[in-house]
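>>> the amino acid sequence is not available; the structure is as follows:
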């Protein structure tokens, strides 16, 4: 497999469909949250999907492997990350299904069009200005802190680009859950599925997966907890299944 790698970049095997992804370990690499999000999404066949803040493109590539979505438009403001994503899409022969678009989430509805998508998927920055120290490396800081967009920006633009009945699917941190639900309902996105992710069965959750529907009725299902480790260093069978191990 030939890949155009720039200085400092590496090619990682995604362990599914022979797909690979170009990343720069000194910038920002995807984590387990992106993998769990792509499995939680469950996009229906022939659906049109938007990925807000795609980074190096891992979510659209995994969604292509795991679902029969017809097309995925992936928005990314950091040009270096977008460039890696574009080259990964080309490397995997997915240019007919995935388009990487340079752009700002705050302008997503202008860039992508209103009421155009069946799904919006996002792994947004988890921290606002009151949460933790910002990484001195700007690409990592932008990915982790709300520097270029806020939670409300993401949710507002998701509502605008979704068709009525479309799904907004996100991974975030449980400590912001009340804020998240309040913002979702403000923009007429009704939470329908919530699943908490725990590092161990006896530990509190450190991630939450949310599926909300534009204009949906008020009824939510709390799914069974997803446990990462059965013992230190040992993944549960469900995590192994998600990773196709």
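Sure thing, it's come through. Please read all numbers here as calculations on a predicted model, not as lab measurements.

>>> for the residue lying closest to residue 79 once chain neighbours are set aside, give me its contacts.
Nearest residue to residue 79, sequence neighbours excluded (CB to CB, 6 or more residues apart in numbering): residue 102, at 6.2 Å. All C-beta spots, glycine's among them, are computed from the backbone N, C-alpha and C. By CB atoms under 8 Å, 6 or more residues apart in numbering, residue 102 lies in contact with 76-77, 79, 82.

>>> any idea what residue 102 is bridged to?
Beta bridges link residue 102 to residue 76 when assigned by DSSP bridges.

>>> check what pLDDT it gets.
Listed pLDDT for residue 102 reads 97.

>>> tell me which element residue 65 is part of?
helix 58-66 (DSSP states H and E).

>>> what helices or strands is that helix leaning on?
Applying 3 or more CB pairs under 8 Å, 6 or more residues apart in numbering; DSSP states H and E, one finds that helix 58-66 contacts helix 32-41, strand 48-52, strand 71-76, helix 79-91, strand 98-102.

>>> all helices for this structure, in order.
32-41, 58-66, 79-91, 108-112, 138-144, 151-161, 177-186, 237-242 (DSSP state H).

>>> and these, which one is worst for confidence?
helix 138-144 (a mean of 51).

>>> neighbours of residue 35, how many?
Neighbourhood size, residue 35 [other CB atoms under 10 Å]: 21.

>>> that one contacts residue 243, doesn't it?
Yes. With contacts defined as CB atoms under 8 Å, residue 35 counts as touching residue 243 at a distance of 6.8 Å.

>>> follow-up on the earlier one: pull out the buried residues from the contacts of residue 102.
With burial judged by 16 or more other CB atoms under 10 Å, the buried subset of the contacts of residue 102 is 76-77, 82.

>>> which of these sits closest to residue 233?
Distance to residue 233 across those (CB to CB) is lowest for residue 76, with 33.1 Å.

>>> OK, contacts around residue 63?
By CB under 8 Å, 6+ apart, the contact set of residue 63 is 38, 41, 43, 49, 51, 69, 72, 121.

>>> gap between residue 215 and residue 168?
11 Å (CB to CB, to the nearest Å).

>>> burial of the closest residue in space to residue 106 that isn't next to it in sequence, as a residue count?
Nearest non-adjacent residue to residue 106, counting by CB to CB, 6+ apart: residue 153, 4.9 Å away. Neighbours of residue 153 under the rule other CB under 10 Å: 18.

>>> what does residue 150 give?
Neighbour count of residue 150, defined by other CB under 10 Å: 17.

>>> also residue 96?
Neighbours of residue 96 (other CB under 10 Å): 8.

>>> ditto for residue 225
Around residue 225 there are 11 residues (other CB under 10 Å).

>>> what do you get for residue 37?
Close neighbours of residue 37, defined as other CB under 10 Å, add up to 25.

>>> can you give me the distance of the nearest residue to it once chain neighbours are set aside to residue 115?
Excluding its sequence neighbours, the residue lying closest to residue 37 (CB to CB, 6+ apart) is residue 171, at 4.4 Å. As judged by CB to CB, residue 171 and residue 115 stand 24 Å apart.

>>> tell me which of those two has more neighbours.
residue 171 (26 against 13).

>>> now do the same contact list for that one.
Neighbour list for residue 171: 33-34, 36-37, 40, 123, 207-210 [criterion: CB under 8 Å, 6+ apart].

>>> kindly provide the distance from it to residue 59.
Taken as CB to CB, the span from residue 171 to residue 59 is 10 Å.

>>> understood, closing this out.
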